[in-house]
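# sequence first, predicted coordinates after that:
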Protein chains: 2
Amino acid sequence: MSGSGSESQRWFQRALEVIPGGVYGHTSPVLSVPGRYPAFAREGRGSRYWDLYGKEYIDLLCGYGPVILGHRDPEVEAAANEARERGACLNHPSPLMVELAERLVAWVDFADWAVLAKNGSDLTTWCIRVAREHTNRPMVLKARGAYHGMHAWCTPGRGGLIPEDRAQVEEFSWNDVEELEACFHRHRDRVAALILTPFHHPSYGDSELPTEAFVAAANRLCRDSGALLVLDDVRCGLRLAELGSHGVFGYEPDLAVYGKALANGHAISAAVGRHRVRPAASRVFLTGTFWNDPAPMAAALETLDRVRRDGVHQRLAQAGERLLEGIQSAAGRHGVEVRTSGPPAMPYVRVEGDDSFLRTQALCVAALDRGVFLHPHHNWFLCAAHTDEVIDEAVERLEGAFQDFVRNGAGGGPPSP
Amino acid sequence: MSGSGSESQRWFQRALEVIPGGVYGHTSPVLSVPGRYPAFAREGRGSRYWDLYGKEYIDLLCGYGPVILGHRDPEVEAAANEARERGACLNHPSPLMVELAERLVAWVDFADWAVLAKNGSDLTTWCIRVAREHTNRPMVLKARGAYHGMHAWCTPGRGGLIPEDRAQVEEFSWNDVEELEACFHRHRDRVAALILTPFHHPSYGDSELPTEAFVAAANRLCRDSGALLVLDDVRCGLRLAELGSHGVFGYEPDLAVYGKALANGHAISAAVGRHRVRPAASRVFLTGTFWNDPAPMAAALETLDRVRRDGVHQRLAQAGERLLEGIQSAAGRHGVEVRTSGPPAMPYVRVEGDDSFLRTQALCVAALDRGVFLHPHHNWFLCAAHTDEVIDEAVERLEGAFQDFVRNGAGGGPPSP
């Protein structure tokens, strides 16, 4: 067991007593490197976080996406605190809700309206229902392996599902224009929505950018059939462009969902839509106990100001390119072949030919021991606090990680405890 | 239009431009008194809140339930702020997650484990899936008019639903033992879960406590059939007892969900369950981007300390009784007959015989103008900041409201603008 994780592991044993699985969901250590990765964290600041033992890591996951400016950005925290001072759970929203909706409508070219919620799942699922209401059709098409949240129609888990949950959901392979066309053809006049992430970032798989032909087919098939194109921009939003990623690839969505990076880690998600979808949107009930909290709205407004002012998405791309170049060089020096995929701002990296992911896990454990937090099966995230100096420091630490990785047997599985 | 609401109304007009319905969900002014109630709030403190015009109200909705100690309770805010200082969105949860799960397991007699989420809906829906996983059966039974969240299987809205959403959900009338028995009999060996709120608090209807026979039937039918009893304690939790309400009425649940008051307004919900349900719980995927935020967990721990230390649920019952006595006296003095229902800690009050709710709406508008925030179709909520002095002040204001109500024509509809 990694020494730095032992305090985490003690807490994890305690967690197992009272929580099914100990830590559940996407941050479960079972989904990273079981028994080797920390399960709990103490603190984050800027580009770094600390585990319970006090070990510091350069953070290349950034809370799995929400942290885009750096942990505890002072300006965002100040904006949130000021809003929170007036009360977080009143009988009505604050005017900040209107200001944020206005901002989203102003910044997203196709958007005529916006709604706010707490999680991505809240709104991907709501958009599916809005599409069904708008089209009066049932069927939803999604890419195989695409993550759109934890609700029954799309969860990656199998537990607790009944046949009805997926009766009106059909899957196709990413970038497979023929299969997508066949889906539309097979369910002619029954397709309510095609839901897509801007690019394909499956867990336990390389990322794939969309081909031009695939984007064109998605736009055309929705337009011709009357189905709505729903862009699940929860993970990519603000990271590939100032806000929406649709323009980067040429999608023409009717609805889009943002979340994750929208408020630099504060709990908020948003959906926007075209004018013609507004009547349906107003008929699909949407609510949550705590959704009127003005603090995440203030944090989102500040975050949006900052991503524009500081050109954050360009910064993330540069930082990602610098990181990937550094990794490739270090890997090459140690005779390790790594495969990178996805946009540099949110890249995925694994050991070439490592179908079992065991060598990639071993590399990630070596990085962890050297003070860099990576993930073996999930794309990584750059943030604005990843300055050139921080990236260079990360690469230097990873140089040591590659050395350890090779010394330990070049990843014939994770190093033994 | 109510003068004090005019600034809210200006913001509401602005909201209508960019948000379908302007303000959506349970805090939509359309669901209170359209055109007369404020749509936005500026600030809350203790037992009161202020609208955008600066008009102050004694708050008898308490954010629709979350605020149990009073708005911006200093101790809860301090606990949340201290936790938040270390970072809200890290790659792992904080040990506070374990401490809160331990607390829930210690305080809820039947609970062996706990999970945390953000909204009530997150976990009522997850519990349904856990029950399906545990029983390997599909059917869910719920009371007609009961609110269990905004997801498709139970939403009060009709928009965007497809037949599959409700194919495995059947409804019965609250307290109707015969109909409940008939449901279980009809779906013999197919019932996964019976989900109930501790008492029945439909919108646009009087509250109804459960009969002893109904509680006994719920327990027996679940036990005998192998279905799970899921108690949706989101609205009542912490208000009728220190935490769970099941003991108040004699329910023997297998799963229970808390939310609303758990952290005095901070965004968190929790589900707890029996030992035998743990394997199923560990197999139903559950996650949310922002769920590891330690601030609401710290707020929940502090809130639970306080409800025990200060005997809050007794305080709420006393405050509610004092309020209802005062309202009955004031109503009587003005020749108005009011009907009260539900537990005094979270009562519902309307004008007797007012089937259209128009007279109750008019009374609520009169109360609003006098500085008391009530709701004409939804139960109210007392909080610990409702001291005897505050209740007496509210009753004094309501005395004036009854006077205005009678003077304006005893509620032949809401007073005209």
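Yep, it's here.
# mind checking the SS state of A:Ile58?
Secondary structure, DSSP: H, G, I helix; E, B strand; the rest coil: A:Ile58 is strand.
# OK, contacts around it?
A:Ile58 makes contacts with A:47-48, A:371-373, A:390, A:393-394, A:397, as judged by C-beta atoms under 8 Å, 6 or more residues apart in numbering or on different chains. Every residue, glycine included, has its C-beta placed from N, CA and C.
# just the ones of those residues in helices?
Under the assignment DSSP state H, the contacts of A:Ile58 contribute A:390, A:393-394, A:397 to helices.
# any chance of TSV for these, columns distance to B:Phe172, pLDDT and neighbour count?
As requested, these are exported to TSV (distance: C-beta to C-beta, whole Å; pLDDT from 0 to 100; neighbours: other C-beta atoms under 10 Å in any protein chain shown):
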residue	distance to B:Phe172	pLDDT	neighbour count
A:Val390	60	98	21
A:Glu393	63	98	17
A:Ala394	60	98	28
A:Arg397	62	98	18
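# hmm, back to that, out of the contacts of A:Ile58, who's near chain B?
Filtering the contacts of A:Ile58 for proximity to chain B by C-beta under 8 Å from any C-beta of the partner chain leaves A:Phe373.
# leaving out chain neighbours, which residue sits closest to A:Phe381?
Nearest residue to A:Phe381 in three dimensions, chain neighbours excluded: A:Cys62, at 4.2 Å (C-beta to C-beta, 6 or more residues apart in numbering or on different chains).
# strands of chain A, residue ranges please.
With strands called from DSSP state E, chain A shows them at A:41-45, A:48-51, A:56-59, A:113-117, A:139-143, A:169-172, A:191-196, A:228-232, A:255-258, A:269-273, A:338-341, A:348-351, A:372-373.
# now those as TSV including distance to B:Gly237 and mean pLDDT?
Output for the strands of chain A, formatted as TSV (distance: least, C-beta to C-beta, whole Å; pLDDT from 0 to 100):
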stretch	distance to B:Gly237	mean pLDDT
strand A:41-45	29	96
strand A:48-51	33	97
strand A:56-59	36	98
strand A:113-117	22	98
strand A:139-143	34	98
strand A:169-172	34	98
strand A:191-196	35	98
strand A:228-232	33	98
strand A:255-258	30	98
strand A:269-273	25	98
strand A:338-341	46	98
strand A:348-351	42	98
strand A:372-373	36	98
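# mind checking the ones you listed for the one nearest to A:Thr360?
Taking C-beta to C-beta, strand A:348-351 is the member of the strands of chain A nearest to A:Thr360, at 4.2 Å.
# off-centre distance for the closest one?
17 Å (C-alpha atoms, centre = their mean, to the nearest Å).
# cool, stretch A:99-114 as well?
21 Å.
# repeat that for stretch A:324-332.
Its chain's C-alpha centre and that of stretch A:324-332 lie 24 Å apart, by C-alpha atoms, centre = their mean.
# go on, stretch A:10-26?
Distance of stretch A:10-26 from its chain centroid, counting by C-alpha atoms, centre = their mean, is 23 Å.
# would you mind measuring the gap between the ends of it?
The straight-line separation of the ends of stretch A:10-26 (C-alpha to C-alpha, to the nearest Å) is 20 Å.
# briefly note if it comes near chain B.
Yes. Using C-beta under 8 Å from any C-beta, stretch A:10-26 reaches chain B at A:11, A:14-15, A:17-21, A:23-26.
# of these, which belong to helices?
Among the residues of stretch A:10-26 next to chain B, the ones falling in helices (DSSP H) are A:11, A:14-15, A:17-18.
# relative to chain B, how far out is A:Arg359?
22 Å (C-beta to the nearest C-beta, to the nearest Å).
# and that residue, how many neighbours?
For A:Arg359, the neighbour count with other C-beta atoms under 10 Å in any protein chain shown is 24.
# looking at it, it is touching A:Val351, isn't it?
Yes. At 4.2 Å, A:Arg359 counts as touching A:Val351 under the criterion of C-beta atoms under 8 Å.
# quick one: contacts for A:Cys16?
Wrong residue type there; residue A:16 is Leu, not Cys. Applying C-beta under 8 Å, 6+ apart, we find A:Leu16 in contact with A:Gly22.
# kindly report the same for the one 5 residues further on.
Taking C-beta under 8 Å, 6+ apart as the contact definition, A:Gly21 lies against A:28, A:30, B:282.
# and the pLDDT for the closest residue to the first one other than its chain neighbours?
Nearest non-adjacent residue to A:Ser28, counting by C-beta to C-beta, 6+ apart: A:Gly21, 6.3 Å away. Reported pLDDT at A:Gly21 in the predicted model: 94.
# same question, the one 5 residues further on
Confidence at A:His26, expressed as pLDDT, is 92.
# that one: neighbour count?
Neighbourhood size, A:His26 [other C-beta under 10 Å]: 22.
# and it, what is it in contact with?
Taking C-beta under 8 Å, 6+ apart as the criterion, A:His26 is in contact with A:64, A:378, B:287.
# how does it look with 7 Å?
A:64, B:287 (C-beta atoms under 7 Å, 6 or more residues apart in numbering or on different chains).
# from the residues of stretch A:10-26 next to chain B, which is closest to A:Glu337?
Set against A:Glu337, the nearest of the residues of stretch A:10-26 next to chain B by C-beta to C-beta is A:His26 (28.1 Å).
# which residues pair with the closest residue to A:Trp153 other than its chain neighbours across the strands?
Nearest non-adjacent residue to A:Trp153, counting by C-beta to C-beta, 6+ apart: A:Val169, 5.3 Å away. Under DSSP bridges, the beta-bridge partners of A:Val169 are A:Val140.
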